[in-house]
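> When you get a sec, could you give me coordinates for this:
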Amino acid sequence: MKLHHLRLTGIGPFAGTVDIDFAALGAGGMFLLEGPTGSGKSTILDAIVYALYGQVAGSATSAERVRSHFASPREASVVDLVFETASGIYRVRRSPEFQRAKLRGSGTTKEQAKAVLWRIGSPQLIAAVIADAAGGGGGVEAVATRIDEVGREIQRAVGLSRDQFTQTVLLPQNEFARFLRADTRERQQVLQRVFGTETYAAVERQLEEMRKTAKREVDAATQLLGTALARFTEAIAADQEQTAALEEQAGALRLDPLATLADGQLEAVVARAAEAQQTAAAATAAEHAARTAADAARTALTRIDRRRELDALAATLTAQTSQVEAARASLQRDESARPVADLLRRRDLASAQAATAIAALAELADSTLATEPALVELLEADDALARLAAAAEEATTAAGALADLVALENELPAREERLATRRTALTEARAELTALTETLGARPAERAELVTAREGARTAAAALADARLAQRAAEERHQATTAAAAQEKRVQTAATQQATTLRTAQQRAETEAELRRRRFAGIAAELAVDLTAGEACPVCGALEHPHPADPAADAVTPEQVEAAEAERQQAEAAQARAAQAHALAVQELERLRETAGDLDPEAAAAAVTAAAAQVTTARTAQKDADRLDRKITAFDEETERLTRQKETRALAVERESSAIAESAKALEADRAKLVEARGEDDSVAGRRRAHSARARAATALREALRTRREAEHRAAELDREAATARAAAQLDTDAQVRASVLESAERRRLQGLVQARAVEESRLADGMAEEGIAEAVVTDEAREQADKARAAALEQLTTAQAAAREATGAASRHGGTAERGAAARAALATAAAQVQEVSEQAGVVVRVADLATGRSADGDRVQLSTYVLMWRLDAVVQAANARLALFSGSDLELLRDTGARGAKKTGLDLLVLDRRTDQVRVPETLSGGETFFVSLALALGLADIVMGEAGGVQMETLFIDEGFGSLDPETLETVVGEIGRLAQSGRVIGIVSHVGEMKAQIAEQIHVRRGADHRSSLTITA
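Down below sits the predicted model:
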């Protein structure tokens, strides 16, 4: 990948537009991005990553920092990048989300993030595309206009994810020093993120979950087998010995013996159930025969008693015959007279209503005669109803015509009062408008005073950045002076410890040498112990041994020598650690003294106090400037509000004046209309009430007349109907009709008597028709014999029922046991089959899961994901050592720790082999310069591997944002030279640093500076 051009507008500390031509800067293969700390160098790197991936470079930095705080609230921030990959030449333009000021009114509205990607077909079009600052594409058609589409297209074109890109193109500040010194877990996370090995970790988690699931399934199946066995023993009512035998087989998971034993016990239960069933069938047959005999004896006795009851009922019915016939005659007369009596009642009621209507009409005519005599005269006309209706309608129409004028007449006083109030308010509004005009005239002078005060505060606040830098430097020197005093004590302690361990090591070396000397001296005595006359000496070969050596009193054994050697080695190791600790302490003391300079703690503290006072003064001025700025803004907003208020009030006064004139004119017109409408009456409302009263009087007379005529007609009609009905019932007078009607209580009594007679007659007939009743002999002797036969049959039935119940119960119990046992046996077989199947499947899953998760006893017990990362890290270390050999002159070499591994050892630790001393060192012991170029070599090695695994992606542009300030001048020159040789391979290397010595060594430079207003600017030297 190669960068051609970058344009920033309103990004980070850059308020305006910044252009960077990477093609021109990279002509020499290397350029410098320099500027003070905090000036905005990293913002350029963030912008490149944001253009490509919609995020910034630093892992701990939010993308919200992209938009500049100095950008106009109405303008979008833009990152515009032209780059080239193996897939072609592209231009991407992104704008982050921001709160845009509304075009109308106050407040803000959210402006969504945007992204557009163009593909440039020819290198000749690059210049025209770069010149298109407005973002129209430069005549090139866009290939993606949505954020997600742009992300996918760039990912495909570049071939690297964001994490891989930041590890191969942008080597972030301090990221690889942190990676070099990271603990195992942090390094594992970085490698996993860069190489995308999350799949292997997911496989581990899936296999671990499958292992847990398999174990749970085995446990569940085993538990289910135990439950099924318990239900089986309970179902067959097994004794303690049988249960123990079954549980023993199940506990050992001997499934075949368990099945054989369970089948034998079930067969015994089934045999007992069959025998009990045969006994129950015989007892049931005997019970059925006894019940048949008992039912026959009981039926014979019941028929005798039933015939005696029916004979008594027949005698009673004969005695009641005359009384029932009389009741039937009375009910017949009542049924004929009741309809006629009802007509007589309705006729009398209608006559009374007609008399009432006649009297009401006469009374109403008398009361209406005084006010409306013409209406009363209409009652005598043949068409009185029609003429009264016409008079009512005419009066109602006249009253309705005056309804709106009555409302207008009622509103007239309120309208006059409102008009007077509006005239008073208009006078007050004109006075307020005059006062507001005078207030606006005085505001320009007040604003000028505020602006003068704000400019003075801004001038004083401009020194805040320099004051902060001075305060930070003073604090660092003060901390260094304080820490140096404490470090001196640690140096002394380390020196004492080094001397002590040196003496101990020397003493233990002398002890070991003495023991070895005594050991050698005593070897002859040890050999003499095994000498035998006539056998050859193992030293000289002689067969005679005239003077064998005697063991010395202070003889030394081999074990003592080995123990002394081990103590000596431990003491030397302790001495080496103490020497290393002393050297590190001295190195730290020198660094602290260099940072502190020539200041003592008191002078450093005074410098901190003075610098803090300057910062406080500048910060106070800044706050005053901000406060005055807000006050001026509020003042201007208030001026604008008062101006709008003046314009609004002037317009309102003019409109109200015109409206009052129109209202007065309309009021006079309505007064004239009302005078004409009321005529000779006092008011329109009085005239309308007179019309309404006439309408009500006409309606009342018409309704009273209609009611009288209808009542008279109804009375005459009912009188004719009553006479006709009386004749039809063969009753001569109204008195005969009323006498024939029974009282309700008497009618119900007679109806009950007749109905009861019918029911008893029916019951007698039904009883005599029953089977065997008519032929039954009802003598006392016959009944006594039938009663004795019934008692004997019931006694035999009771005995047979008891025997049948006992046999049936036994058969049911044994049969239920056999059924439950069979079902439980089937469940037991299912559970056993499941245990066998689950156990076989779980064995395979557990073995594979243990191997992938490092639990297996086979091999090195390394997790799958860790093994993959170890292999990747080996490749990274090999690539890094090729760079490190150039940077360090082959003095240093990276190693992967291949020591013992297990649940806590991942094999991802890094060591450094120092060939100057042939010692293996941990990264924490490296100096600042060593840490820098070891970290840089590691970063470049990782970049090589990542690009290789991404399909051989070539990154022609590389940024190194690392701590060059930790290098001494000689090492700095060496590192820059090696980076220059790296650039000769075809890459363009951008070095990000604020170190002054870099300017003299690199010709092409980007200079970033931050002004007093905290805004950054950019210039290019190429």
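
> list the helices and strands whichever helix in the chain runs longest packs on?
Counting by DSSP state H, the longest helix found in the chain is helix 601-678. For helix 601-678, the helices and strands in contact under the criterion 3 or more C-beta pairs under 8 Å, 6 or more residues apart in numbering; DSSP states H and E are helix 403-461, helix 464-529, helix 684-728. No exception for glycine: its C-beta is placed from N, CA and C like everyone else's.

> ok, then the element right after the shortest one?
Tracing the chain past helix 684-728, the next element assigned as helix or strand by DSSP states H and E is helix 734-740.

> Tell me which other helices or strands the following helix or strand past that next one touches.
Proceeding N to C from helix 734-740, the next assigned helix or strand is helix 744-769, under DSSP H and E. If contacts are counted by 3+ C-beta pairs under 8 Å, 6+ apart, helix 744-769 sits against helix 255-319, helix 321-368.

> Dump these into TSV; add distance to A398 and mean neighbour count as well.
Below are the helices and strands packed on helix 744-769 laid out as TSV (distance: least, C-beta to C-beta, whole Å; neighbours: other C-beta atoms under 10 Å):
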stretch	distance to A398	mean neighbour count
helix 255-319	85	15
helix 321-368	19	15
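
> Dump those helices to a markdown table, plus mean pLDDT and distance to Q863.
As requested, the helices and strands packed on helix 744-769 are exported to a markdown table (pLDDT from 0 to 100; distance: least, C-beta to C-beta, whole Å):
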| stretch | mean pLDDT | distance to Q863 |
| --- | --- | --- |
| helix 255-319 | 82 | 36 |
| helix 321-368 | 83 | 108 |
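
> which stretch among these comes nearest R813?
When those are ranked by distance to R813, counting by C-beta to C-beta, first place goes to helix 255-319 at 7.7 Å.

> still on that earlier bit, among the helices and strands packed on helix 744-769, single out whichever gets nearest to T213.
Using C-beta to C-beta as the criterion, the shortest distance between T213 and the helices and strands packed on helix 744-769 is 22.7 Å, found for helix 255-319.

> The closest one vs helix 321-368, what angle?
With axes from the mean of the first three to the mean of the last three C-alpha atoms, to 10 degrees as the basis, helix 255-319 and helix 321-368 are set at 90 degrees to each other.

> I'd like to know which elements helix 255-319 is packed against.
Other helices and strands packing on helix 255-319, by 3+ C-beta pairs under 8 Å, 6+ apart, are helix 240-251, helix 744-769, helix 780-852.

> hmm, back to that, to A201, which of the helices and strands packed on helix 601-678 lies closest?
The closest approach between A201 and any of the helices and strands packed on helix 601-678, judged by C-beta to C-beta, belongs to helix 464-529 at 42.4 Å.

> which residue packs closest to A1003, ignoring adjacent ones?
The spatially closest residue to A1003, leaving aside those adjacent along the chain, is G28, at 6.2 Å (C-beta to C-beta, 6 or more residues apart in numbering).

> For the helices and strands packed on helix 744-769, give me a markdown table that also has distance to V835.
Converted to a markdown table, those look like this (distance: least, C-beta to C-beta, whole Å):
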| stretch | distance to V835 |
| --- | --- |
| helix 255-319 | 7 |
| helix 321-368 | 89 |
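
> nearest to Q796, of those helices?
Checked against C-beta to C-beta, the stretch from these lying closest is helix 255-319, at 4.8 Å.

> Off-centre distance for the closest one?
On the basis of C-alpha atoms, centre = their mean, to the nearest Å, helix 255-319 is displaced by 69 Å from the centre of the chain it belongs to.

> what's the angle from it to helix 780-852?
Going by the same axes, to 10 degrees, helix 255-319 makes 150 degrees with helix 780-852.

> Now do the contacts for D80.
5-9, 51, 91-93, 133, 135 (C-beta atoms under 8 Å, 6 or more residues apart in numbering).

> Brilliant, that's me finished.
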